[in-house]
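Engineer: For reference, the sequence and a predicted model appear below.
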Amino acid sequence: MSEENGAKTIDPNTMSIIVTKGSLDWAYPPYILGTTAAAMGLDVTMFFTFYGLTLLKKDLNLKVTPLGNAAMEMPMAGGHMVMPNIVGMIPGVDAMASKMMKNLIKKNGVASVDELRDLAVEADVRMIACQMTLELFDYKKEDLIDGIEIGGAATYIECATKSHINLFI
């Protein structure tokens with residue numbers, strides 16, 4: 001942010017993303033948007049907090065659940081199968097839905113979350129792990145991938161006030 005005639009201006013080539021969810025289906029939007037923006041020349045900062053922090057763990061074992069996800073449709077037998085919420089409560093359904101989603105991703109040549117995260121690192125996306133969340137969930141920095149920062153809400157707010165685009169995912 002710079003000052004011009006007393007008015008503050010925001011750098012149009014910046015974007016920040018708050019990442020709050022860590023399931024398989026919620027991992028894609030922040031990584032795809034972040035890496036795409038970086039490839040387009042934007043300076044990107046991603047702030048991982050609460051369950052989103054799991055996306056920075058060295059060992060990813062991401063799952064998806066149909067429970068509470070009324071929009072979840074899976075391609076099947078030439079159509080789309082909607083999974084009613086009641087089905088999500090049956091033991092093993094989350095594992096089945098996760099396997100189906102991973103197979104769908106692989107079958108369609110979509111990059112894995114690991115690959116997208118590696119792209120973010122290669123593209124110099126600034127990734128910040130929320131310090132409070134680390135402490136709250138008893139994670140250690142050693143549990144997370146290399147090359148990330150540890151910071152709090154003030155670190156993110158400082159970045160967000162200078163960013164042209166701010167996303168909450």
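Structural biologist: Received it, and whenever you're ready, just let me know what you need. Numbers count the residues shown, from 1 in each chain.
Engineer: Following element in sequence after the longest strand seen in the chain, please.
Structural biologist: Longest strand in the chain, counting residues (DSSP state E): strand 11-19. With elements assigned by DSSP states H and E, the helix or strand that comes after strand 11-19 is helix 24-39.
Engineer: so that following helix versus strand 11-19, what angle?
Structural biologist: Between helix 24-39 and strand 11-19, the angle comes out at 160 degrees (axes from the mean of the first three to the mean of the last three Cα atoms, to 10 degrees).
Engineer: List the buried residues in helix 24-39.
Structural biologist: Neighbour-count burial for helix 24-39, counted by 16 or more other Cβ atoms under 10 Å, picks out 24-28, 30-35, 37-38. Yep, even glycine has a C-beta here, placed from its N, CA and C like the rest.
Engineer: Name the nearest of those residues relative to Lys102.
Structural biologist: Nearest to Lys102 out of the buried residues of helix 24-39 is Leu24 (Cβ to Cβ; 7.3 Å).
Engineer: Looking at that closest one now. What's its pLDDT?
Structural biologist: At Leu24, the model reports a pLDDT of 92.
Engineer: can you check Ala71 too?
Structural biologist: Looking at Ala71, its pLDDT reads 66.
Engineer: what does Met89 give?
Structural biologist: pLDDT recorded at Met89 is 70.
Engineer: neighbours around the closest residue to it other than its chain neighbours, how many?
Structural biologist: Using Cβ to Cβ, 6 or more residues apart in numbering and skipping the chain neighbours, the partner closest in space to Met89 is Leu67 (6.6 Å). When neighbours are counted by other Cβ atoms under 10 Å, Leu67 registers 16.
Engineer: how close does Leu67 get to Ser23?
Structural biologist: Distance, Leu67 to Ser23, using Cβ to Cβ, to the nearest Å: 11 Å.
Engineer: returning to what we had before: okay if I get the buried residues of helix 24-39 as a markdown table plus distance to Ser16?
Structural biologist: Shown next, in a markdown table, are those (distance: Cβ to Cβ, whole Å):
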| residue | distance to Ser16 |
| --- | --- |
| Leu24 | 23 |
| Asp25 | 22 |
| Trp26 | 17 |
| Ala27 | 18 |
| Tyr28 | 18 |
| Pro30 | 11 |
| Tyr31 | 14 |
| Ile32 | 16 |
| Leu33 | 11 |
| Gly34 | 9 |
| Thr35 | 14 |
| Ala37 | 10 |
| Ala38 | 12 |
